[in-house]
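Engineer: just a sequence and a predicted model for now, questions to come.
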Amino acid sequence: MTTAVSEADRAGYLALVGQGAQAPAVDFALALAERGVPPRDVLLDLVAPTQAAIGDLWARNEWSVAQEHAATHVSEHVVAALAAHHRPGAAERGILVVACVDGEWHALPARLFAEVVRWDGWDVRFLGASVPGPHLISYLHRHGPDVVAVSCSVPTRLAAAHRVIEAAQSTATPVLAGGRGFGPAARWGRTLGADRVAGDAREALGVLRSWPGLSLAESEPRRESFVSDDEHVLIAKRGPQLVASGMEALAERFPVVGRYTPAQREATEFDLGQIVEFLCAGLLVDDPELFGTFLDWLCVVLGTRRVPLPTVDLVLDVYQQQLYDFPRARAHLAAGHRRLAG
Ligand code: B12
């Protein structure tokens, strides 16, 4: 009998969480563990990919937000059940605090990571979603952990991640950064000065095991000046003004926008605001790929909701005109334009 999670297992589990079937989903996951699948693999090869699939279903407008919430609730219950049924051995490696950065509400990815490292011998303190920076720092002072693991799932929270990484290091606590918000192989965690990064929970186990003395990465230069200007800060401040100009241009070019209901208007303003936020995140880490992958994703989200994609082009144009004195932002927007054309 195989001790790996199969495609059929994932399909079965997706069907259960899709129905909000809490008890059957828990039984399903526990049965896999009983069959010999390591509990870690149940989390990383069953729950995590299913959650990613749920995200794609939402993005493609096949699942509503309500369906996603119901399914995620079931997965949270499954993680708790597996953790309760499979207690870790002695926690001999040290104390590890896991926290989502301020404004980051994706607690489940951090929780998956937390349970996996707990099974690997860490005394884990899981602080959950959106931990305000100053509160995290006072927690570090009080509990003196060996490592703080900072989780970020959406790149728009990278500025908050940067602040918390620096603040944690000022308490002499080394920082491990991870989560999809830090980009491919968590490379933006490195840009923002984390002592170590890991692309996923499995890689993190190796990183933690081979971290000599869990010391701060003092040999690497601190990265205060990884960008030479503060375009991202100034543009973030101009966000509402940029969104208002974008809305005006949309209403002029697409008369239907002028007739939007308040809810449609609010949703459009949210999208225009996201364009500004992702642009700022890309400027912070000085990587046009961040804005580019966001545009790919936005096209899927808007396309499946029948929003004409030339609207995105128009908004990028407006932002480019308004940001005439921000050369890096204009370059990221121009790269975005080329990407849309491709
Ligand atoms: C459930 C969910 C939510 C829930 C979260 C509830 C909860 N309790 O977590 C809620 C409703 C709050 C939510 C909100 C939003 N969400 Co959401 N969400 C998801 C979803 C579907 C699943 C999250 C999950 O459980 N992931 C579990 C696994 C899949 O995550 P993972 O990253 O692989 O986790 C591993 C590693 O990253 C690593 N790891 C995690 N943390 C750490 C830390 C360290 C130190 C290390 C080393 C490793 C590590 O370990 C994990 C296990 O290997 C994801 C889809 C996805 N792909 O994640 C979207 C997703 C992340 N959300 C998305 C979006 C857009 C949003 C919103 C902006 C929606 C909105 N319009 O408001 C908001 C943003 C809120 C915020 N500011 O945080 C997008 C992001 C797209 C983008 N361009 O970045 C996604 C990708 C969905 C999609 N496909 O479009 N969301």
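Structural biologist: On my side now, so go ahead.
Engineer: nearest residue to the closest residue to the ligand within the stretch 51-200 of the chain other than its sequence neighbours?
Structural biologist: As assessed by C-beta to the nearest ligand atom, the ligand sits closest to residue 178 within the stretch 51-200 of the chain, at 2.0 Å. The way it works is simple: take the backbone N, C-alpha and C, and place the C-beta from them, glycine included. Nearest residue to residue 178, sequence neighbours excluded (C-beta to C-beta, 6 or more residues apart in numbering): residue 198, at 4.8 Å.
Engineer: thinking the one you found is in contact with residue 175, fair?
Structural biologist: No - assessed by C-beta atoms under 8 Å, residue 198 is found out of contact with residue 175, at 11.7 Å.
Engineer: where does the prediction get shaky in the stretch 151-300 of the chain?
Structural biologist: For the stretch 151-300 of the chain, residues meeting the criterion pLDDT under 70 lie at 218-226.
Engineer: so residue 97, which of the three states?
Structural biologist: Judged by DSSP: H, G, I helix; E, B strand; the rest coil, the three-state class of residue 97 is strand.
Engineer: so the residue of the stretch 51-200 of the chain closest to the ligand makes contact with residue 189?
Structural biologist: Yes - with contacts counted by C-beta under 8 Å, residue 178 reaches residue 189, the gap being 6.9 Å.
Engineer: joint contacts of those two?
Structural biologist: 150, 197 (C-beta atoms under 8 Å, 6 or more residues apart in numbering).
Engineer: tell me where the stretch 151-300 of the chain has strands.
Structural biologist: Along the stretch 151-300 of the chain, counting by DSSP state E, counting those that start in this stretch, strands occupy 175-178, 196-197.
Engineer: near the ligand, which residues of the stretch 151-300 of the chain show up?
Structural biologist: 151, 153-155, 176-180, 198, 200-201, 204, 294, 297 (C-beta under 6 Å from any ligand atom).
Engineer: which among those end up buried?
Structural biologist: Among these, those classed as buried by 16 or more other C-beta atoms under 10 Å are 151, 153-155, 176-180, 198, 200-201, 204, 294.
Engineer: what's the closest of the residues you listed to residue 96?
Structural biologist: Comparing these against residue 96 with C-beta to C-beta places residue 176 closest, at 8.1 Å.
Engineer: quick one: the closest one and residue 192, what's the gap?
Structural biologist: 12 Å (C-beta to C-beta, to the nearest Å).
Engineer: for residue 113, same thing?
Structural biologist: Distance, residue 113 to residue 192, by C-beta to C-beta: 18 Å.
Engineer: what's the answer for residue 178, then?
Structural biologist: As for residue 178, its distance to residue 192 is 12 Å (criterion: C-beta to C-beta).
Engineer: and what of residue 82?
Structural biologist: Distance, residue 82 to residue 192, by C-beta to C-beta: 32 Å.
Engineer: so who does residue 166 touch?
Structural biologist: By C-beta under 8 Å, 6+ apart, the neighbours of residue 166 are residue 193.
Engineer: repeat that for 6 Å
Structural biologist: Shown in contact with residue 166 (C-beta atoms under 6 Å, 6 or more residues apart in numbering): no residues.
Engineer: same question for residue 57.
Structural biologist: residue 63.
Engineer: in which helix or strand would I find it?
Structural biologist: If you go by DSSP states H and E, residue 57 is part of helix 48-59.
Engineer: distance from that helix to the middle of the chain?
Structural biologist: Averaging C-alpha positions (C-alpha atoms, centre = their mean, to the nearest Å) puts helix 48-59 13 Å from its chain's average.
Engineer: same deal with stretch 184-197?
Structural biologist: Counting by C-alpha atoms, centre = their mean, stretch 184-197 comes out at 13 Å from the chain centroid.
Engineer: in that stretch, what's buried?
Structural biologist: In stretch 184-197, counting by 16+ other C-beta under 10 Å, buried: 186, 187, 188, 189, 190, 191, 192, 193, 194, 195, 196, 197.
Engineer: what's next to it, contact-wise?
Structural biologist: By C-beta under 6 Å, 6+ apart, the residues outside stretch 184-197 that reach it are 162, 165, 174-178, 182, 199, 207, 216-217, 223, 226, 285.
Engineer: neighbours around residue 265, how many?
Structural biologist: Residues near residue 265, counting by other C-beta atoms under 10 Å, number 15.
Engineer: wait, residue 201 touches residue 118, no?
Structural biologist: No - at 11.0 Å, residue 201 does not count as touching residue 118 under the criterion of C-beta atoms under 6 Å.
Engineer: shared neighbours of the two, anything?
Structural biologist: What both residue 201 and residue 118 touch, as defined by C-beta under 6 Å, 6+ apart, is an empty set.
Engineer: now intersect the buried ones among the residues of the stretch 151-300 of the chain next to the ligand with the helices, please.
Structural biologist: 201, 204, 294 (DSSP state H).
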